[in-house]
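Asks: this one's structure only:
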């Protein structure tokens, strides 16, 4: 049981976390701060937070648990704003979709205090954002990846693990590098591809007509294109190296298919599609990730 | 009410059509032919067809309605196999996802008889195939695109329209060219992209680990990658010109995003993601296409 959650960022991720923590009886009080005062007011009104803080620092004052739920590029500024109140009794976590940049920012700002910071990535999200979409069940049953570094305190990792398990999550641990490589492949690149496809279609004179004909395949394929632009702007830039590597491998696989299509090599094309189709048919979203 | 449906191809699309036609009371008898005898036997056993035909020609013998439900590249061979029994009292339709190649094949084979052929594309499908997945509701509530040409008889178009409406479909009419351009953008290219992504990931040493971490965004994005390889082999080759044009526009949109990511131009990147996100958030799958 935590005494006070200092919640920095009261959007979909942060708001859902506060609601779940309260329902699980794991926190006594949530003090929230958002860059936009109207978001904080809304969060208060919705019962997501109990007290509005006028600054990130004041949200952290008196907190034994701090959650950074801000776009990843804001991590460094946020840590700077609160560092004077960081203490060894505190657990600090984030929920960012990229981890190397977050860890680097924490190293730069927290220095010797970095042991209390446990970098987290809950594999949960929605294509809508904002506190008004906060959902007490957002994290339930999901995987959460922890990416501690050498200097992260083992006790803090244990504490974070118990906390996420208390919200019904499955907890995995890996290095920030392994995390970023994996999510470049299965999340960041797919988002990039759907952003590009939407822009490509809407940029055409007949794009609207085309979209009016699209069916359920397109609906599912493109769902993630509606994701939060600010969050994804940061993630794509933060993980650009791994993303670039994955994009290159993707382009090779695409070029191979295109070459067979252009030359009408039906048998070889079927073989490659078959490989993809089998891989996808045999894949199951992990019980944790749903 | 039709006397006899000659069903050529008893897979997911053909089998579902026969079941729906029967339930709607629109046909007295279904005579089915499949290249694979075990498929035809299974279709008979499931009640999808009433009589097994040993050849496409014999399935058509006595039929007043013929449905070609074969991979699009098999259209020409199939029409050649049945052309001696094509007569003016017959309505012939197909369910292919590309239309220019189908119309060209029909022109070459049917010649003066082409008036009875109404090219159709029901916007329905699943990521599983085979008669064992035939579903009486597959077409219900979906859009069906008819792409008649100058020489298609208006009476046959009317008959096809009534038939699909009788199965609960919304019927649209457009040229084969307009159809192929639109579906290259909203269906064929998305399929190609997901095939490439699956192959790109599974081709990597850590690909399996990456896939084990993928969440619900990846699940939805990649669902269409599990589609029938033979069907998609044909569609991608049949529509390669429009597909190539769409792939080029997509590559431009992707390169624009990648350039902003590489150079860390956050504001411009957010603007482009925002455009994509808004377009997707404001899009709704048409009631017909579900």
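Replies: The structure has been received and is ready for your questions. What you see is a predicted model, and the numbers here were worked out from it, not measured in a lab.

Asks: drop to CA atoms for contacts and neighbour counts, all remaining ones
Replies: Fine.

Asks: do you have the strands of the stretch 1-150 of chain A handy? List them.
Replies: Along the stretch 1-150 of chain A, the segments classed as strands by DSSP state E, counting those that start in this stretch run A:2-8, A:27-33, A:51-52, A:65-68, A:91-94, A:117-118, A:120-122, A:143-146.

Asks: need the winner for burial among those.
Replies: Burial of these is given as mean neighbour count (mean count of other CA atoms under 10 Å in any protein chain shown); strand A:117-118 ranks first at a mean of 28.

Asks: ramachandran coordinates for the residue in the stretch 1-150 of chain A positioned nearest to chain B?
Replies: Per CA to the nearest CA, residue A:123 is where the stretch 1-150 of chain A lies closest to chain B, at 6.3 Å. Dihedral pair for residue A:123: phi -80, psi 70, per degrees, to the nearest 10.

Asks: now do the contacts for it.
Replies: A:139, A:142, A:143, A:144, A:145, A:289, B:215 (CA atoms under 8 Å, 6 or more residues apart in numbering or on different chains).

Asks: ranges for the helices of the stretch 101-250 of chain A?
Replies: Under the criterion DSSP state H, counting those that start in this stretch, the stretch 101-250 of chain A contains helices at A:154-166, A:176-183, A:189-202, A:207-213, A:216-222, A:229-238, A:240-262.

Asks: neighbours of the closest residue to residue A:185 other than its chain neighbours, how many?
Replies: If the residues on either side of it in the chain are set aside, residue A:185 comes closest to residue A:246, at 5.8 Å by CA to CA, 6 or more residues apart in numbering or on different chains. Residue A:246 has 24 neighbours, counted by other CA atoms under 10 Å in any protein chain shown.

Asks: let me see the contact set for residue A:246.
Replies: Residues in contact with residue A:246 (CA under 8 Å, 6+ apart) are A:184, A:185, A:189.

Asks: center of chain A - which residue?
Replies: For chain A, the residue lying nearest the average C-alpha position, counting by CA atoms, centre = their mean, turns out to be residue A:97 (3.4 Å).

Asks: phi, psi of that one?
Replies: Main-chain torsions, residue A:97, degrees, to the nearest 10: phi -80, psi -10.

Asks: what's the closest non-adjacent residue to it?
Replies: Of all residues beyond its chain neighbours, the one nearest residue A:97 is residue A:121 (5.7 Å), with distances taken as CA to CA, 6+ apart.

Asks: show me what that neighbour is bridged to.
Replies: With DSSP bridges as the criterion, residue A:121 is bridged to residue A:145.

Asks: chain B contacts on the stretch 51-200 of chain A?
Replies: The stretch 51-200 of chain A comes close to chain B at residues A:123-124, A:182-183, A:185-187, A:190, A:192-193, A:195-200, as judged by CA under 8 Å from any CA of the partner chain.

Asks: that older thread, the residue nearest to residue A:97 contacts residue A:148, correct?
Replies: No: contact between residue A:121 and residue A:148 fails when scored by CA atoms under 8 Å: they sit 11.3 Å apart.

Asks: please point out which parts of stretch A:247-258 sit buried.
Replies: Under the neighbour-count criterion of 16 or more other CA atoms under 10 Å in any protein chain shown, stretch A:247-258 has A:247, A:249, A:250, A:251, A:252, A:253, A:254, A:257, A:258 buried.
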